[in-house]
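1. sequence plus the predicted model coming up.
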Amino acid sequence: MDRTATNMNLPEEEPGGPAAALDVRTQTKTYKNFFQNINDLSKVISFSPQEKKKLEDAAEVYHLRVPFYYFSLIKNRHDSKDPIRAQCIPSPEELEVSEKEFMDPLAEEQMSPVNCLVHRYPDRVLLIVTSQCFMYCRHCTRKRLWQEDIPEPNLQDIDKAISYIKKNKQIREVIVSGGDPLTLDTSKIDYVLSGISCLKNVEAIRIGTRAPVVFPQRINEALCRVLRKYNKLWINVQFNHPWEVTPQSAQACMRLARCGIPISNQSVLLRGINDNPEVMIELCHKLQSIRVRPYYLFQCDPVVGASHFRTPIRRGMEIIEKMRGFTSGMCVPTFVVDGIEGKGKVPLGPNYLVSEDGGCVTLRNYQGETFRYYAPKE
Ligand SMILES: *Cc1c(COP(=O)(O)O)cnc(C)c1O
């Protein structure tokens, strides 16, 4: 099946290229590179009238934005279980709010000493520079930022957050996230990065972005010219399915790698999308082939309206068990559950320590063989 956007009766890209239509900061602007409402989507996907009403309600609660590029990766757009479609097209299940779900599952608001900064761990902070994204993932953990009453961070907020980081010398890493920080104008990205990188205590800056995956044209020459200037940069992306590794996303990652930036991946474990070892192994192999290092596999957080994406905790552990040893250690992420109420990330994995008896332990290898191993008691 042909999966290019131009063969799907989609509107043409804006003259001047995608970058010209990139200022996604103002909600009122119309974007020719994105679907932003159910009506436009209903021209390319057939919804029943009842379904359409429900999806409109869902898109009312959680914003909708799907880049044409990402839409073009859907293999069967009439199948709501298509692993690409399920990540970007609303589902009526989003309106089901179950118990034990939270607007802010990680209690980020409570751990925010100044606007747009979350300080949970001793040596690193999370800086939320925007609530805008190129695509609103249906499983997003920060859906609360989409609510109209939460103001967009402005440069003053960012300046204040930078002063906080400067004063708190134990902070050695800043995670620039959002929203997607790469939705900011390139000049603003430059401003934020230069503000952080000149702080003596900051040894690393990590940008969290899905741009290479959902809107790879954002990784353009002008952006790379800015990113290349900073030598403390790391980038974390979010590939969740092997179909997302395309010539375009590979090129975006290659461009970042050529700027000297190490790229890691944080997947979210999503029911029916990537919750089996074969899919995860294929994804991680493809990531290794484009020099993206699998870092975390996240349990899907208990955020409101995402119950249909969640899997049993055991599923993640089993996936890791089927990867460890069977494939390169470079391809194996750490499975983590991000604790509610800001308890932080908890790694979970198979247990290879069978028993312990003084200076002798019994260990199990990946094939299930057990053996005794001696090591000093103290
Ligand atoms: C996830 C997270 C971090 C980074 O944790 P790592 O384990 O270093 O990837 C930092 N701060 C907050 C608030 C986080 O949620």
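-> Received it, and whenever you're ready, just let me know what you need. Residues are numbered from 1 along each chain as shown.
2. so the closest residue in space to Arg291 that isn't next to it in sequence is in which element?
-> Using Cβ to Cβ, 6 or more residues apart in numbering and skipping residues adjacent in sequence, the residue nearest Arg291 is Ala257, 5.5 Å away. Placement of C-beta: from N, CA and C, glycine included. Element membership for Ala257, per DSSP states H and E: helix 247-258.
3. list the contacts of that helix.
-> Helix 247-258 is touched from outside by 69, 211-213, 216-219, 224, 227, 235, 237, 239, 263, 290-292, with contacts defined as Cβ atoms under 8 Å, 6 or more residues apart in numbering.
4. narrow those to those that are buried.
-> In the contacts of helix 247-258, burial by neighbour count holds for 69, 211-213, 216-219, 224, 227, 235, 237, 239, 263, 290, 292, counting by 16 or more other Cβ atoms under 10 Å.
5. what residues sit buried inside the helix holding Ala257?
-> 248-250, 252-253, 255-256.
6. filter those down to the ones near the ligand?
-> Taking Cβ under 6 Å from any ligand atom as the test, the ligand is in contact with none of the buried residues of helix 247-258.
7. closest one of the residues you listed to Asp357?
-> Within these, proximity to Asp357 (Cβ to Cβ) peaks at Cys253, which comes in at 47.3 Å.
8. so which residues on the stretch 1-150 of the chain come close to the ligand?
-> 106, 118, 120-121, 124, 126.
9. just these: which has the poorest pLDDT?
-> Ranked by pLDDT, those bottom out at Leu106 (91).
10. would Asn236 count as being in a strand?
-> Yes: per DSSP: H, G, I helix; E, B strand; the rest coil, Asn236 lies within a strand segment.
11. quick one: pLDDT of it?
-> 98.
12. swap in Pro376?
-> Reported pLDDT for Pro376: 89.
13. which non-adjacent residue is nearest it?
-> Here the residue nearest Pro376, using Cβ to Cβ, 6+ apart, is Gly359, at 6.3 Å.
14. helices - which of the buried ones among the contacts of helix 247-258 land there?
-> When DSSP state H is applied, these are split such that 69, 211-213, 224, 227 fall in helices.
15. what's near enough to touch the residue in the stretch 201-350 of the chain that the ligand sits nearest to?
-> Per Cβ to the nearest ligand atom, Lys345 is where the stretch 201-350 of the chain lies closest to the ligand, at 5.1 Å. Lys345 sits next to 296, 336-339 when contact means Cβ under 8 Å, 6+ apart.
16. please repeat the previous calculation with a cut-off of 6 Å.
-> By Cβ atoms under 6 Å, 6 or more residues apart in numbering, the residues touching Lys345 are 336, 338.
17. that one belongs to a strand?
-> Yes: the assignment for Lys345, made by three-state DSSP, places it in a strand.
18. what about it, distance to Tyr295?
-> The gap separating Lys345 from Tyr295 is 11 Å, by Cβ to Cβ, to the nearest Å.
19. which stretches in the stretch 1-150 of the chain count as strands?
-> 34-35, 66-67, 117-121, 124-128 (DSSP state E, counting those that start in this stretch).
20. setting aside sequence neighbours, what's the nearest residue to the residue nearest the centre of the chain?
-> With distances taken as Cα atoms, centre = their mean, the residue of the chain nearest its centroid is Gln238 (3.9 Å). Spatial nearest neighbour of Gln238, chain neighbours left out: Arg210 (4.9 Å); criterion: Cβ to Cβ, 6+ apart.
21. ok, Ser112 next?
-> Val118 (5.4 Å).
22. residues near Pro376, how many?
-> 5 (other Cβ atoms under 10 Å).
23. quick check: it vs Leu348, distance?
-> Counting by Cβ to Cβ, the gap from Pro376 to Leu348 is 28 Å.
24. name the element Arg271 belongs to?
-> Using DSSP H and E, no helix or strand contains Arg271.
25. what's near enough to touch it?
-> Arg271 is in contact with 309, 311, counting by Cβ under 6 Å, 6+ apart.
26. swap in 7 Å and give it another go.
-> 308-311 (Cβ atoms under 7 Å, 6 or more residues apart in numbering).
27. what's the answer for Arg65, then?
-> So Arg65 contacts 34, 36, 133-136 (Cβ under 7 Å, 6+ apart).
28. show me how to select, in ChimeraX, the buried members of those residues.
-> Applying 16+ other Cβ under 10 Å to those leaves a buried subset, and the ChimeraX line that selects it is:
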select :34,36,133,134,135,136
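29. nearest to the ligand among the contacts of Arg65?
-> Nearest to the ligand out of these is Cys133 (Cβ to the nearest ligand atom; 17.1 Å).
30. in this structure the closest one contacts Ser177, no?
-> No: judged on Cβ atoms under 7 Å, Cys133 makes no contact with Ser177 at a distance of 10.7 Å.
31. now for the closest residue in space to Pro122 that isn't next to it in sequence, how many residues are close by?
-> The shortest distance from Pro122 to any non-neighbouring residue, by Cβ to Cβ, 6+ apart, is to Gln170 (5.6 Å). Gln170 has 10 neighbours, counted by other Cβ under 10 Å.
32. so Gln170 sits in a helix?
-> No: assigned with three-state DSSP, Gln170 falls outside any helix and is coil.
33. list phi and psi for it.
-> phi -70, psi -10 (degrees, to the nearest 10).
34. how much space between it and Tyr374?
-> For Gln170, the distance to Tyr374 - Cβ to Cβ - is 39 Å.
35. same check, this time on Gly344
-> Gly344 is 34 Å from Tyr374, by Cβ to Cβ.
36. which of those two has more residues huddled nearby?
-> Each of Gly344 and Tyr374 has its neighbours counted (other Cβ under 10 Å); Gly344 has more, 12 against 9.
37. pretty sure that one sits against Arg120.
-> Yes: using Cβ under 7 Å, Gly344 is in contact with Arg120, at 6.1 Å.
38. I'd like the contacts of Arg271 as CSV, with distance to the ligand and secondary structure appended.
-> Putting the contacts of Arg271 into CSV (distance: Cβ to the nearest ligand atom, whole Å; DSSP: H, G, I helix; E, B strand; the rest coil) gives the following:
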residue, distance to the ligand, secondary structure
His308, 23, helix
Phe309, 19, helix
Arg310, 18, coil
Thr311, 20, coil
